[in-house]
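*Asks:* Okay, predicted coordinates and the sequence, questions at the end:
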Amino acid sequence: MMKCSLLLVLAVSLLACTPSKSVVNAPQVAPVSVDHTAMLSAQGADAVLWQNTSAEAYRAYQQGYELATMRLEINVAQVSEENRMVDSTEQDHRPLAVIVDIDETVLDNSPYQANAIAHGRTFDQADWKVWTDKAIATASPGSVEFLRLAKSMDCEVFYITNRDIREKASTLKNLTVLRFPFADEAHLLLMEGTSDKTERRARVASTHRVVLFVGDQLRDFDERFKDRSVNYGKDAVDAMADSLMQYFILLPNPMYGTYRDAVQGKGTDGEKHGRMQEWFDRNNY
C-alpha cells in the first residue's frame with residue numbers, strides 16, 4: 001500500500017514539473033467577398049453577344065419589319081373598307097397611327113449593354129443617361145424604312161418609351177439624326193412616373209386610330225403581360241393570340257425585360273442573383 005502511494009506522489013510531481021504547452025489559435029480566415037453585381041452581369045453575356053453581333057438578330061429585325069409592313073398594309077386597307085361600307089356620318093375620321101417603342105425596337109442600345117458586362121456592371125440610371133446623352137444609338141435593321149413607309153401611307157408615328165423625361169432632348173436628337181419620321185415633341189411620349197404605358201397609349205387612341213404596335217416587350221402592347229405568375233405569361237399570349245397577330249409585331253431582345261424580372265424579381269443585385277440560383281436549383285437544372 002505504501003509503495004502505491006509513493007508511486008502516485010512521484011507521478012504527480014513529474015506532471016507538476018512538466019512545462020505547459022502554449023495554446024496556438026487557428027488563424028482567422030477572412031470571409032470570401034462575393035461580387036453579386038459582376039456575377040449577375042456575367043449571366044447576360046450570351047444574350048448581349050447575340051443581340052450585338054449575330055446575323056440572326058440582324059435578320060430577325062429585318063423579318064420583323066417585313067411582317068410589320070404586310071400587317072400595316074392589311075390593317076390600313078381594312079380601315080378603308082370599313083369606312084366604305086358605312087355612311088360618311090358613321091365613318092371613323094380619326095387619322096391613322098402606328099405606335100412604336102424606342103429601345104431595342106427602333107434604336108439599338110446593345111453597345112451600352114456590352115460595355116456594362118465588360119466592366120461587371122448591371123443597369124444603372126446614371127450610366128444609362130451618359131449613354132443616351134451621346135445620341136449615338138444606331139437604328140434597328142428595317143426600322144427607319146418601315147416608319148417612313150407608314151408615313152407615306154398617311155399614318156402618324158408615335159414613340160412611346162420608358163426613357164426618363166430628362167432624356168427627351170437627346171432622344172429627339174438621336175431619332176432626328178437617323179431621319180426617323182415624326183421625331184418631334186408632339187409624337188414622343190416619355191415615362192411619366194410609371195412604366196405602365198396604358199395611359200399614354202390611350203391618349204394617342206383618343207385622337208388617332210391605332211392600326212399597329214411594334215415593340216420588344218409584350219407590355220408594349222398590353223400591360224396585362226406584366227403578370228408572369230401563371231406559366232410565365234404564356235397562357236396570356238394564347239388568350240390574346242388574335243389581337244397579337246393582327247395588331248402587334250414583337251421584336252427580339254433577350255438582354256433585359258419582364259421575362260427576367262419574373263425570375264429574379266426586384267431588389268439588390270445580390271437578391272436578384274440569389275433568386276436566379278434558386279430558380280435553377282428548384283427546376284433541377
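*Replies:* Sure, I can see it.

*Asks:* Using CSV, write down the CA coordinates of stretch 114-127.
*Replies:* The C-alpha coordinates for stretch 114-127 follow below in CSV (Å, rounded to 0.1, in the frame of the first residue of the first chain):
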residue,chain,number,x,y,z
ALA,A,114,-21.9,45.2,-73.8
ASN,A,115,-19.9,47.9,-72.0
ALA,A,116,-21.8,47.2,-68.8
ILE,A,117,-20.9,43.5,-69.0
ALA,A,118,-17.3,44.2,-69.9
HIS,A,119,-17.0,46.2,-66.7
GLY,A,120,-19.1,43.9,-64.5
ARG,A,121,-22.0,46.3,-64.1
THR,A,122,-25.7,45.9,-64.2
PHE,A,123,-28.2,48.6,-65.3
ASP,A,124,-27.6,52.0,-63.7
GLN,A,125,-29.7,55.0,-64.5
ALA,A,126,-26.8,57.4,-64.3
ASP,A,127,-24.7,55.3,-66.7
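
*Asks:* who touches it?
*Replies:* The contact list for stretch 114-127, computed with CB atoms under 8 Å, 6 or more residues apart in numbering, reads 35, 37-38, 40-42, 44-45, 48-49, 52, 112, 131, 164, 256, 269. (C-beta placed from N, C-alpha, C; glycine too.)

*Asks:* May I see the buried residues of that stretch?
*Replies:* 114, 116-117, 121-122 (16 or more other CB atoms under 10 Å).

*Asks:* which one of the contacts of stretch 114-127 sits closest to Ile74?
*Replies:* The closest of those to Ile74 turns out to be Tyr256 (CB to CB; 31.5 Å).

*Asks:* quick one, what contacts that closest one?
*Replies:* Neighbours of Tyr256 in contact, by CB under 8 Å, 6+ apart: 44, 113, 123.

*Asks:* looking at this, it is in a strand?
*Replies:* No: assessed with DSSP: H, G, I helix; E, B strand; the rest coil, Tyr256 is coil; it does not lie in a strand.
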